[in-house]
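Novice: Give me coordinates for this.
(2 chains)
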Amino acid sequence: MLEATDLTKSYNGHLALDRLNLAVRPGEIFCLLGANGAGKTTTINLFLNFIRPSSGSARIKGLDVVEHPLETKRHLAYIPEQVNLYRNLTGLENLAYFAALAGHREHATAGFLELLAQAGLTEEAARKRVSTYSKGMRQKVGIAIAAAKQAEVLLLDEPTSGLDPKASNEFSELLVRLRDRGVAVLMATHDLFRAKETGTRVGIMKRGRMVALLDTAEVGHADLERIYLDHMHD
Amino acid sequence: MLARIMRHEARVLAADRSLWALAGLLAAVVAYGALNGASWAETRRAALEAAAAEEAARFDELRRRLGSPGDAIGVGALEVGRSSGARYAAMPPGLLAALVVGQSDLLPSYVKVTTDGRQSLDGADEIENPTHLLTGRFDLGFVIVVLYPLAILALSFDLLSAEKERGTLALVLSQPVSLRQVVLGKVLLRGLLVVGLAVAISMVGLAVGGGASGPGVLARAGLWMAVVAAYGAFWFALAVAVNAMGRGSSANALILAGIWLALVAVVPALVNVAVKAVHPVPSRAELVQALREASDEAQAEGSRLKARYFEDHPELAGGDVDADEYAVQALAVQEAVEASVRDIQGRFEAQLARQQAMVDRLRFLSPAIVTVEALQDVAGTGAARARHFAGQVEAFHESYRAFFRPRILRAEPIGPKDLDAIPAFTFREEPLPGVAGRVALGLAGLVLPAVLVGAVGRKALGRYPIVG
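Specialist: Predicted structure coming up:
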């Protein structure tokens, strides 16, 4: 579903991503762990075709994202660390616009409100301007936008950073529901606990390279943390 | 997809209160400009009417005199030709004159034609560089050339940079839509708004200004809209190109303001300076001085000139023709003066023509100059129509003199039946195809840069840094 082959990105000789090989299958949540600057966001941006790979390729459903930028985006949904919306519009209006861009016109207002409610936003809040929203509320609109798209691939860039534990927990439950529906999820995160809880596999990245690949079912919480810190130390 | 992006942009713009304030300000400025232009056109119409009324009263008076028993044999041709029978040659305000004052406040729109020499026709006819308008009257033309680009830039200097800075761009482009499509949607919506507003306001100005009737008005209104749309397209293309370079909103604003200043103010001023430096017009004082000297000289030699005139025109001397000696001398003096100033006057006019030709070429350096010239041309307040008028006046002056000259020489008085035969001036409007041809050239001078800048912007969008 999601596939990186020798994916490499360098900026003026500096390797931001070094020959990444990765495959995320449907129904799998792949968590990218690593310090800031390890190449997690670079990987996500490469899959989004926001930046061009220096070599190698990123594929979604077998399609190269550089050669098929629009087609591959039909299949993916993206939630960034900061869901930035049109501040002068309401959450509902924002959702309606992004859903329209995604090509989903079938939702009526009731459908959009339902999606927002599922993401945890009340109708009263949904009808307020986004400029009055907290970060968590904007994140919920982002989730609703992704849900409206009914995408088969989900790209998440530290989606829970800054969320309170309850919201973070709700988000994890949502991810599990999507996974069970067969969505392939690639998530960059700092949250080892969530990665272990919800992830199927975990990749630890360091200076642009994938240094470890683990099955979450095979490691305990403590093991994961130890392995992670071991890699960070040397 | 494009329609969705446009609808969304409309919603976002409508939700921005500061834009409503801007729109209100623009509407006020435009209304002021339209009112100004309309009142100027009205003033001109009134001046022409006053001249026509003065002429009619003079002719009535003449007719009364000719009808009275004392003057039964008629009034001297010289007197009628020089004063009481003088005709006004008038150019009515241009068809869309209410929109642009143009050079109509610098060039005479009516001339009193008598049997006096050609130099009597010259009022203050130094052709001001068309760029003069830029510091000229606050009319709709000024609003369109100077303020309309500012409105466009205010709406689109942060077309992309704002989306990037606010972080919405990444979310938008994670959808199956290309950056070029997004930009196109944004530009089209803004274009529809601003260009539509400018065109609508122009038409309201035209309706309010009045005087817009007769053949060709619709065609001219169409040309006007085309020029306004093409000029707007250039500024939008520029905003896109600058945005596509990937700099921040404040940098974009500075760059675009700089370009605006250069194209709207600096380049026109430089063109003005260059034209005056390359083809300096001889000073008007020199012309006036030469005229006085020639006149004094000719007056002093009056009797000698008269004698020579009789030599040159043997048919006048003796025979059955009763020549008016005073009239012959006046005519001889007049022709001598004309001959001696013809050279300097010719140089003066040739130089003005060269200036105009140079402006016609250099205008393509700035879309603002192209637009000024094209709008004036369409409105009928530009240099071309004034030249067209001057040519007609000259021809009329000739025919007017041709009517009086033999009568003056033969001392034939003007009788009641001659009165209606005195030539009168009728202005022939410039044929539309000529105007359309010139405006089309100007349009090309707007569309071409717009397409070029747009293509550069389109190419740069391909390398636009969406993140980082």
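
Novice: For the closest residue to A:Arg74 other than its chain neighbours, grab phi and psi.
Specialist: Distances taken as CB to CB, 6 or more residues apart in numbering or on different chains place B:Pro176 nearest to A:Arg74, at 4.6 Å, with adjacent residues excluded. Any C-beta I mention is one placed from the backbone N, CA and C, and that applies to glycine too. Taking degrees, to the nearest 10, you get phi -70, psi 70 for the backbone angles of B:Pro176.

Novice: So for the chain, which residue is the most central one in space?
Specialist: No chain in the question, so chain A it is. A:Leu156 (1.0 Å; CA atoms, centre = their mean).

Novice: My question was about chain B, not that one.
Specialist: Taking CA atoms, centre = their mean, chain B has its central residue at B:Gly382, 1.6 Å away.

Novice: ok, it - contacts?
Specialist: B:Gly102, B:Gln103, B:Pro130, B:Glu373, B:Gln376 (CB atoms under 8 Å, 6 or more residues apart in numbering or on different chains).

Novice: quick one: which of these has the most company?
Specialist: B:Gly102 (32 neighbours; other CB atoms under 10 Å in any protein chain shown).

Novice: Next, that residue: secondary structure please.
Specialist: Secondary structure, DSSP: H, G, I helix; E, B strand; the rest coil: B:Gly102 is coil.

Novice: what's the closest non-adjacent residue to it?
Specialist: Nearest to B:Gly102 is B:Thr381, by CB to CB, 6+ apart, at 3.1 Å.

Novice: And what about B:Gln351, helix, strand or coil?
Specialist: helix.

Novice: Mind giving me the packing neighbours of the one helix or strand B:Gly442 maps to?
Specialist: Following DSSP states H and E, one finds B:Gly442 within helix B:432-461. When contacts are defined as 3 or more CB pairs under 8 Å, 6 or more residues apart in numbering or on different chains; DSSP states H and E, helix B:432-461 packs onto helix B:179-209, helix B:217-244, helix B:367-379, helix B:383-409.

Novice: Contact residues of the stretch 101-250 of chain B facing chain A?
Specialist: Contact residues, the stretch 101-250 of chain B versus chain A (CB under 8 Å from any CB of the partner chain): B:Arg166, B:Gly167, B:Thr168, B:Ala170, B:Leu171, B:Val172, B:Leu173, B:Ser174, B:Gln175, B:Pro176, B:Val177, B:Ser178.

Novice: Let me see the mean pLDDT of the strand or helix carrying the fifth one.
Specialist: Just to be clear, that refers to B:Leu171. Taking DSSP H and E as the definition, B:Leu171 sits inside helix B:168-173. For helix B:168-173, the mean per-residue pLDDT is 94.

Novice: who touches that helix?
Specialist: A:48, A:50, A:78, A:80, A:83-86, A:98, A:101, A:142, A:145, B:160, B:163, B:179, B:182, B:466-467.

Novice: Just the pLDDT for A:Thr5.
Specialist: 94.

Novice: Double-check that it belongs to a strand.
Specialist: Yes. Assignment of A:Thr5 by three-state DSSP places it within a strand.

Novice: contacting residues for it?
Specialist: A:Asn21, A:Gly56, A:Ser57, A:Ala58, A:Arg59.

Novice: Quick check on these: which are buried?
Specialist: Buried residues within those, defined by neighbour count using 16 or more other CB atoms under 10 Å in any protein chain shown: A:Gly56, A:Ser57, A:Ala58, A:Arg59.

Novice: what about the residue in chain B positioned nearest to chain A, how many neighbours?
Specialist: Chain B approaches chain A most closely through B:Gly167 (2.9 Å), counting by CB to the nearest CB. Look at B:Gly167: counted by other CB under 10 Å, it has 15 neighbours.

Novice: circling back: report the secondary structure state of the residue nearest to B:Gly102.
Specialist: coil.

Novice: per-residue confidence for it?
Specialist: 86.

Novice: swap in B:Lys276?
Specialist: For B:Lys276, the pLDDT comes out at 87.

Novice: Report the separation between it and B:Leu270.
Specialist: 11 Å (CB to CB, to the nearest Å).

Novice: Show me where chain A has its strands.
Specialist: A:2-11, A:14-24, A:29-34, A:55-60, A:63-64, A:76-79, A:153-157, A:184-188, A:201-206, A:209-215 (DSSP state E).

Novice: Would you indicate which residues of the last one are buried?
Specialist: Buried residues in strand A:209-215, counting neighbours by 16+ other CB under 10 Å, are found at A:Met210, A:Val211, A:Ala212, A:Leu214.

Novice: Now narrow those to whatever sits close to chain B.
Specialist: Within these, nothing lies near chain B by CB under 8 Å from any CB.

Novice: Kindly reformat these as CSV containing pLDDT and distance to B:Pro413.
Specialist: Shown next, in CSV, are those (pLDDT from 0 to 100; distance: CB to CB, whole Å):
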residue, pLDDT, distance to B:Pro413
A:Met210, 93, 115
A:Val211, 92, 118
A:Ala212, 91, 121
A:Leu214, 91, 122
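
Novice: tell me the contacts of residue 6?
Specialist: With no chain named, the answer covers chain A. With CB under 8 Å, 6+ apart, A:Asp6 has these contacts: A:Arg19, A:Leu20, A:Asn21, A:Ser55, A:Gly56, A:Ser57.

Novice: That was the other one, I meant chain B.
Specialist: Per CB under 8 Å, 6+ apart, neighbours of B:Met6: B:Gly185, B:Lys186, B:Leu188, B:Leu189, B:Leu192.

Novice: What's the separation between A:Leu154 and A:Ser57?
Specialist: 20 Å.

Novice: pLDDT weak spots in chain A?
Specialist: A:105-107, A:234 (pLDDT under 70).

Novice: what's the closest non-adjacent residue to the residue in it that chain B sits nearest to?
Specialist: Nearest to chain B in chain A, going by CB to the nearest CB, is A:Asn84, at a distance of 2.9 Å. Nearest in space to A:Asn84, with sequence neighbours left out and distances taken as CB to CB, 6+ apart, is B:Gly167 at 2.9 Å.

Novice: B:Val273: what secondary structure?
Specialist: Per three-state DSSP, B:Val273 ends up helix.
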